[in-house]
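> can't give you the sequence, but here's the structure:
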């Protein structure tokens, strides 16, 4: 400032220097001193006033102000305190204003300083002069004067233009004391004015100089709370609008306002706003009157002002505009893609652009590698398409998520493939995208990704986790935690939980949850504050409180769901617990924990259990060796161990108890057998599962893989079979389906259990019980199974279960015992015997078979009823045997007739066969005959029934052998469609041929047989040696089983030359079609075939 | 005035990160931001527009009378031109822009919700 007065000092006396020095100390504290100095300057300034005028307008003001700032501010401060409470903010503002002003004035000040240095000497001279003039009065007078004038000063405008005219000053100067007073007065006036109106001035200044930048206003940040609405502010009305159209409505309000802006009736709108999704269905209009709202919104599309127009209370207004900071993205976090090919897919944030609007995401690509592309499409076409048609596959038909495969990409689209730019290792560029480690790295805009409520499942996350070089999974739990944390909701709190408030004003309080209502939890305080007081706290401020030693259970969120354990460590909201199940330390968020009421370990874990056999893919099975909640460890059939998610297991394979495998010695292996490796480690264990050639065995002494190991079945030997099963080499009879069908030689049932079709015929029958505790009682069968019958007793109304064996069916009227031909097998056997005494030996013969035969008797029974052909296999299965007897039992004559016909047929073998083919009965009769023939053949003497066979024997000259032979196959032929169809089918042509053609020869020429001329080729050889061997053997598994066996070998030897030979071919023939039967009897039969009296043998 | 009101088609609209006014991208490129042009120099510079405006914003305030409006005051929009403003704008300004703003005496108030809650 003093710069302006330089000239003055030039004119001032130099001698003032000495006196000036004492003054400054006073000056600093004392206003008067200040005034004094001002006076000095004033006096000094006067001469120069003319020159300075132009500067006064601009520069001096700021500079002076800034110079006087410090005293003035002090004053202002004092006044402020006294003043009715004014916000300190204003003071700050003032300060800042001044600061700003000072800044603006900086240049001037600097100049001043520079000049000031020069001045100093000069300035120093003045005070002395003044003091000399009026040393004391200066102070006293001034005080009084200033006080007097203050009021005037305040009234006066601050204008600088009020300064006395230089000319006047000159005069005043001459005037001495008066002159000085005026100066001081003026200065004071200015100071006061400045101090009192600092604000006002600041405002003016700001208006004058601060307009360079519009934003300069914002330089002053008014705290938000000072902006809260007052009653003077316009009101806000909520207006309903169509959801989703909020923004459009707001825009159209604005446009309407704009269009009417300069018309005669402008819309007195102040503002309109919407919050988009946050307040869907509402827009808010700020206006003075409600009518204005209607003016602004009436008739707008999608806006319904008249339906519901609510005034928003003042205190709720700020809430309408509250802005929540959205979660900032950080690398490693998980997000979801909102739209496009990857819509809904989980992605991991790889990198965030600096402006936060774009992120690079790592996700699992969905590529089809151009499979759907048309390779023949012209090159330009694709390009055109890209713009016109939708790009990329739609979400519906999008390819599955799979890691990028360079190999596949190279196959079809090698031209798009290349090394990506940049330094990153194994980065591949394909179709303009970058792939690293199989993941796609892609930039997404912030608005296209979903950052809230991502809720990644562990399954999804693990796909991202397997990134480490060594293949180990590195699940970044922290990252998941960051993602999951925000999803905390009230549902994890239940009444009774002990919680603590860990943030907010009430932090530190501990209480017990009383109720949970939305996001607000009411709790009864236990510690801190007033115990027992109930307060409400928002969920976000809460966390559950546990103490070490608590027994807790994981209730959700984490992968340790349902794990229970003891709390061992608590760090903030992370709780480490020692699990009960496997004593591992796991760390979970406290919100996922709840105090466990029970100490029991819930073992609800995986749906796969230990030792389960599971299917991994079409060709791989594995045995579960560890079942955790989230992962399963399996040992697959190749012996490799892997850890899988339950979801990657396609299904569980039920344990097949009767699966059989063969060890290296041919012994069969069943589950639970103990086997031992033949080579290798010679591990021993019991068989858990048999899957094809692989045995999953368990050795309890072995620790690794839960004792499970996998071996090839051919690489083990059976050490002990379960249940002491004898395993002496391969049991060939077991492999012989025929034998299995017909029963084994050692007395096992020869027939498959008879199948009852339809309703059991016994039901409703009157029966008497033959044995047991209820013996002799009469009753009615109410229900029956294959073996048991529920009999309602007549005597006492009671229903008992009785074996069908023990029932005798009686006529309900007469009470007589009824023969039960068709009903079940049981009653029949005796009947059969009864009826056909001659057959008894046969029955005895097949003594072991009898029950079976009896059972089988049923078969023919219905077999007869149905077409004769169908039961073919039944017959073969021995059903055949009884069947003839059955029929013959009823009609012995019939069978004889049959036999007769058979005899007839003998003359014409071919036709016989046909005859048998016709009519089931006949056929049966025939077969009966034939059965008889063999039955008889086996038991020669009784021609009575199976006379054809007896003929065979009795009348060797007639070569019944042939007939029987021819006949035999014939029925078999007839029975072709049966199960044994192949057998008889094959046998049929053979004998058929043999008979069709040869019979003509053979029939008349039994001698042929003897001669061996024909016999050699035709009957004996063909049947006994060649034919059965070749024909039957080759096509029919049944036959070969039998025929190659010694029995046949024997047969020709015996049969060829001797009459036994007839027997030989005959059974041979039979043997062929009905191997089982013969398998059973042949050896014996043939052993004694030569001698007719082998009955005892059979019997 | 009308030039500061965005067309109804909201595609390619962007919000100024500083003053939150919503305008089409082309408007920003052609004429700049009506409030902040003095220091942002958006006009003719698509790069600056890209950096200083954001596509990610929410809410909409049709501001007709900035001086009288409490909403404007609350949102610190007083002194701006009438127009449509966003309630919340996501995005961060690069440091050099912040520096420029500071130099021109403009105090930047983030409009992504990060600053406001501290006061309340």
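Cool, the structure landed. Every value quoted in this text rests on a predicted model; they were computed, and no experiment measured them. Numbers count the residues shown, from 1 in each chain, chains lettered A, B, ... in the order given.

> When you work out contacts or count neighbours from here on, use the C-alpha atoms and nothing else.
OK.

> For chain B, give me the ranges with low pLDDT.
Along chain B, the model assigns pLDDT under 70 to residues B:1-3, B:10, B:113-120.

> could you point out the longest helix in it?
If you go by DSSP state H, chain B has its longest helix at helix B:95-103.

> That one packs against which elements?
Identification of packing neighbours for helix B:95-103 by 3 or more CA pairs under 8 Å, 6 or more residues apart in numbering or on different chains; DSSP states H and E yields helix B:37-40.

> Quick check: buried residues in the helix it packs on?
Going by neighbour count (16 or more other CA atoms under 10 Å in any protein chain shown), the buried part of helix B:37-40 is B:38-40.

> What about chain A: which of these touch it?
Counting by CA under 8 Å from any CA of the partner chain, residue B:38 from the buried residues of helix B:37-40 sit close to chain A.

> and which of the buried residues of helix B:37-40 is nearest residue A:277?
Within these, the smallest distance to residue A:277 is 30.4 Å, found for residue B:40 (CA to CA).

> Would you state the strands of chain B in chain order?
For chain B, the strands defined by DSSP state E occupy B:13-16, B:22-24, B:53-54, B:57-58, B:60-63, B:83-85, B:88-89.

> ok, which stretches of the stretch 351-500 of chain A are strands?
Using DSSP state E, counting those that start in this stretch, the strands assigned to the stretch 351-500 of chain A run over residues A:358-363, A:417-419, A:427-430, A:433-436, A:439-445, A:449-450, A:498-501.

> The ones you listed into a markdown table, with extra columns for distance to residue A:516?
Formatted as a markdown table, those follow (distance: least, CA to CA, whole Å):
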| stretch | distance to residue A:516 |
| --- | --- |
| strand A:358-363 | 38 |
| strand A:417-419 | 57 |
| strand A:427-430 | 51 |
| strand A:433-436 | 47 |
| strand A:439-445 | 38 |
| strand A:449-450 | 28 |
| strand A:498-501 | 12 |
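
> rank the ones you listed by mean pLDDT and give me the bottom one.
Mean pLDDT values for these show the minimum at strand A:417-419, a mean of 72.

> Which strands border that one, and is each parallel or antiparallel?
The strands that strand A:417-419 pairs with in its sheet are strand A:427-430 (antiparallel) (by DSSP bridges).

> Mind listing residues that contact the partner strand?
Applying CA atoms under 8 Å, 6 or more residues apart in numbering or on different chains, the contact partners of strand A:427-430 are A:409, A:416-421, A:434-437.

> ok so, going back, any chance of a markdown table for the buried residues of helix B:37-40, columns distance to residue A:223?
Below are the buried residues of helix B:37-40 laid out as a markdown table (distance: CA to CA, whole Å):
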| residue | distance to residue A:223 |
| --- | --- |
| B:38 | 25 |
| B:39 | 24 |
| B:40 | 25 |
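
> What is the nearest of the buried residues of helix B:37-40 to chain A?
Comparing the buried residues of helix B:37-40 against chain A with CA to the nearest CA places residue B:38 closest, at 7.7 Å.

> And residue A:522, which helix or strand is it part of?
Here residue A:522 is covered by strand A:520-527, with elements defined by DSSP states H and E.

> who wins for proximity to residue A:667 among the strands of chain B?
Among these, the nearest to residue A:667 by CA to CA is strand B:57-58 (77.9 Å).

> so what does that closest one touch, helix or strand wise?
Strand B:57-58 sits against strand B:88-89, with contacts defined as 3+ CA pairs under 8 Å, 6+ apart.

> which residues does the nearest residue to residue A:368 once chain neighbours are set aside contact?
The spatially closest residue to residue A:368, leaving aside those adjacent along the chain, is residue A:399, at 5.9 Å (CA to CA, 6 or more residues apart in numbering or on different chains). Neighbouring residues of residue A:399 by CA under 8 Å, 6+ apart: A:366-368.

> what sits up against stretch A:580-598?
Residues from elsewhere that reach stretch A:580-598 (CA under 8 Å, 6+ apart): A:488, A:492-493, A:497, A:543-546, A:550-558, A:563-566, A:573-579, A:601.

> change it to 7 Å
Here stretch A:580-598 makes contact (CA atoms under 7 Å, 6 or more residues apart in numbering or on different chains) with A:492, A:543-544, A:551-558, A:564-565, A:573-579, A:601.

> now swap in stretch B:26-36 and tell me
For stretch B:26-36, using CA under 7 Å, 6+ apart, the contacting residues are B:19, B:41-46, B:49, B:80-81.
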